[in-house]
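Trainee: Provide a 3D model corresponding to the input given below.
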Amino acid sequence: MIKRIALGFLTILIASQLVAQREIIDKVIANVGGEYVLLSELEEQLALIRERQGGKLPPNVRCLMLDNLLTQKLLINQAKIDSVLVADEEVEAQMNARIEQILDYMGGDVNQFEDYYGQSIGQVRETFRDDMRSQLLSDRMRNKVMEGISVTPSEVKAFFKKIPRDSLPYFNSEVELGEIVMKPQINETERKKAIEKLTEIRKRIVEGGEPFAELAKKFSDDFASARIGGDLGWTKRGKFVQAFEAAAYKLDENEISEVVESEFGFHLIQLLGRRGNSINTRHILVKPDITDADLELTRNKLDSVRQLLLTDSISFSKAVKYYGYKEVQSFNNDGKLVNPASGNNFFEIGDLEPSIYFTIDTMQVGEFSKPFSFTDPRGETFFRIVQLQSRSTPHIASLEKDYAKIQTAAIEQKKSSQTTKWVEEKVLSTYIRIDQSFQSCPDITKWLEGSKP
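Mentor: Numbers count the residues shown, from 1 in each chain. As a prediction, this is how the structure comes out:
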């Protein structure tokens, strides 16, 4: 899991770093309709592959990477022809998410970020805004091409039968897990302290004239936005939790809210601008302290739920709905954990969080763990109990044991075939020009059809 996260960050970092080299190595190596492929784009892709392969490049990788870039450009070109839209707010949201990822990777050190890239955060946004819009256009068009693709059970069986027996994959031991999560509740004393602190901050802004942004940098517990004066950027409805959003949309421009309570804590919100159904806000967040007594109370409450489960006084599904924390993914999946890498409910042992791995190590199928704490990505402490719902033994793939995985593979193959067919059709009606130095690539042959009169 750590390797996958690190690789995601590495992709962002290397692509960002190589932008500075574009002026030196750039050359247009292909045109696809109104889009063009730069040599620097190809070099960026090769650098990423080189990092993943420990410095070695697979055979013919340059041709394969160019084929991928040509497909992406064809998707973007068609998206523009079909008037596929990507809103400015979507681009900004993605840019914010990428920059936050990099900053988190750097421990939130803005100076390190700016030293590394030789640009301010604002300048990095400007550099990559067009690239981000193109990526979103490409993704949206690809989804349109593959819309509605599914496979029948007979297609899954046919797909499986085509796999040579000596090529069937070997699956390691996997588990299915359920969880019930509880969030510690704030005691009244700490709640009152947080409200009083924000009330005083609001007074300093409204009556004392102190800048909202400066106080956000100093006092806000939302580390990500505090660095930029609490600014949350432009967002549409549905971006924020209900309590925050309801208060924000009632504000007039430049108005500051009273203290607003949400699941994240307490907020002061200022509306900076309104554009149709989108708003630009900033906030100051104060999170009340969770005491040791609050944590112990939550552990004991969850242990009481476990006792109900052990005595069959309540089903696991009902316990999730009655007692579970609603904001975790598993709540709406009957308590089942979903593997983010595969999208299904199965985890290889080595992919589990260490706290879960060591908890279930000696458990039998159907058993419930004792309550244990964990920390979410925002640094908040929760408690969970885990049920080991199934455990497979290592085995060669079979339809009986691995139908869901085989079905997913069959769908992916069908999507790939659909994309290839779409590309071959569009190439015939799209102007294509490929630099002479790449025309000998075996993967490029189909693209040359678009160059013929």
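
Trainee: ranges for the helices of the stretch 151-300 of the chain?
Mentor: Secondary structure of the stretch 151-300 of the chain (DSSP state H, counting those that start in this stretch): helices located at 153-161, 188-206, 212-219, 223-226, 242-250, 292-310.

Trainee: which among the ones you listed is found nearest to Glu89?
Mentor: helix 242-250 (14.4 Å; Cβ to Cβ). Heads up, the C-betas are built off the backbone N, CA and C, glycines and all.

Trainee: ranges for the strands of this structure?
Mentor: Assigned by DSSP state E, the chain shows strands spanning 28-32, 35-38, 170-171, 174-182, 231-236, 260-262, 265-275, 278-286, 347-348, 372-375, 381-391, 395-396, 432-434.

Trainee: is it possible to get a markdown table of the helices of the stretch 151-300 of the chain that adds mean pLDDT, distance to Leu168 and mean neighbour count?
Mentor: Below are those laid out as a markdown table (pLDDT from 0 to 100; distance: least, Cβ to Cβ, whole Å; neighbours: other Cβ atoms under 10 Å):
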| stretch | mean pLDDT | distance to Leu168 | mean neighbour count |
| --- | --- | --- | --- |
| helix 153-161 | 95 | 9 | 14 |
| helix 188-206 | 95 | 57 | 15 |
| helix 212-219 | 95 | 57 | 18 |
| helix 223-226 | 83 | 45 | 18 |
| helix 242-250 | 93 | 48 | 16 |
| helix 292-310 | 95 | 38 | 14 |
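
Trainee: kindly present the ones you listed as CSV, with separate columns for distance to Asp435.
Mentor: Shown next, in CSV, are the helices of the stretch 151-300 of the chain (distance: least, Cβ to Cβ, whole Å):
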stretch, distance to Asp435
helix 153-161, 38
helix 188-206, 58
helix 212-219, 49
helix 223-226, 43
helix 242-250, 50
helix 292-310, 63
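
Trainee: among these, which comes closest to Thr393?
Mentor: Comparing those against Thr393 with Cβ to Cβ, the closest turns out to be helix 153-161 (20.0 Å).

Trainee: what is the closest one packed up against?
Mentor: Applying 3 or more Cβ pairs under 8 Å, 6 or more residues apart in numbering; DSSP states H and E, we find helix 153-161 packed against helix 399-427.

Trainee: flag the shaky bits of this protein, pLDDT-wise.
Mentor: The chain contains residues with pLDDT under 70 at 1-25, 107-108, 450-453.

Trainee: still on that earlier bit, mind giving me JSON lines with the strands of the chain and columns for mean neighbour count and distance to Ile76?
Mentor: Shown next, in JSON lines, are the strands of the chain (neighbours: other Cβ atoms under 10 Å; distance: least, Cβ to Cβ, whole Å):
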{"stretch": "strand 28-32", "mean neighbour count": "20", "distance to Ile76": "8"}
{"stretch": "strand 35-38", "mean neighbour count": "18", "distance to Ile76": "5"}
{"stretch": "strand 170-171", "mean neighbour count": "13", "distance to Ile76": "38"}
{"stretch": "strand 174-182", "mean neighbour count": "22", "distance to Ile76": "38"}
{"stretch": "strand 231-236", "mean neighbour count": "19", "distance to Ile76": "23"}
{"stretch": "strand 260-262", "mean neighbour count": "17", "distance to Ile76": "38"}
{"stretch": "strand 265-275", "mean neighbour count": "19", "distance to Ile76": "26"}
{"stretch": "strand 278-286", "mean neighbour count": "24", "distance to Ile76": "24"}
{"stretch": "strand 347-348", "mean neighbour count": "19", "distance to Ile76": "36"}
{"stretch": "strand 372-375", "mean neighbour count": "14", "distance to Ile76": "40"}
{"stretch": "strand 381-391", "mean neighbour count": "19", "distance to Ile76": "42"}
{"stretch": "strand 395-396", "mean neighbour count": "12", "distance to Ile76": "42"}
{"stretch": "strand 432-434", "mean neighbour count": "19", "distance to Ile76": "14"}
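
Trainee: Arg52: which of the ones you listed is closest?
Mentor: strand 347-348 (20.1 Å).

Trainee: neighbouring strands - and their directions - for that closest one?
Mentor: With DSSP bridges as the test, strand 347-348 is paired with strand 174-182 (antiparallel).

Trainee: tell me what angle the partner strand forms with strand 381-391.
Mentor: Interaxial angle, strand 174-182 versus strand 381-391 (axes from the mean of the first three to the mean of the last three Cα atoms, to 10 degrees): 150 degrees.

Trainee: CA atoms of strand 174-182 as PDB?
Mentor: Provided in PDB are the C-alpha atoms of strand 174-182 (Å, rounded to 0.1, in the frame of the first residue of the first chain):
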ATOM      1  CA  GLU A 174      -7.400 -13.300   0.800                       C
ATOM      2  CA  VAL A 175      -9.900 -12.100   3.400                       C
ATOM      3  CA  GLU A 176     -13.200 -10.400   3.500                       C
ATOM      4  CA  LEU A 177     -13.700  -8.000   6.400                       C
ATOM      5  CA  GLY A 178     -16.600  -6.100   8.000                       C
ATOM      6  CA  GLU A 179     -16.200  -3.300  10.500                       C
ATOM      7  CA  ILE A 180     -18.300  -1.100  12.800                       C
ATOM      8  CA  VAL A 181     -16.700   2.300  13.400                       C
ATOM      9  CA  MET A 182     -17.400   4.800  16.200                       C
END
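
Trainee: what does that strand contact?
Mentor: Residues outside strand 174-182 that contact it (Cβ atoms under 8 Å, 6 or more residues apart in numbering) are 298, 301-302, 305, 316, 319-320, 323-325, 328, 330-331, 334-337, 345-349, 352, 356, 360, 371, 382-392.

Trainee: what distance do you get for Asp130 to Leu70?
Mentor: Using Cβ to Cβ, to the nearest Å, Asp130 is found at 19 Å from Leu70.

Trainee: I meant to write Ile256 there.
Mentor: Applying Cβ to Cβ to Ile256 and Leu70 gives a distance of 51 Å.

Trainee: and the two? Which one has more around it.
Mentor: Leu70 (26 against 17; other Cβ atoms under 10 Å).

Trainee: show the backbone phi and psi for the closest residue to Val386 other than its chain neighbours.
Mentor: Excluding the flanking residues, the one nearest Val386 by Cβ to Cβ, 6 or more residues apart in numbering is Ser369, at 4.5 Å. Dihedral angles of Ser369 (phi, psi; degrees, to the nearest 10) stand at phi -80, psi 170.
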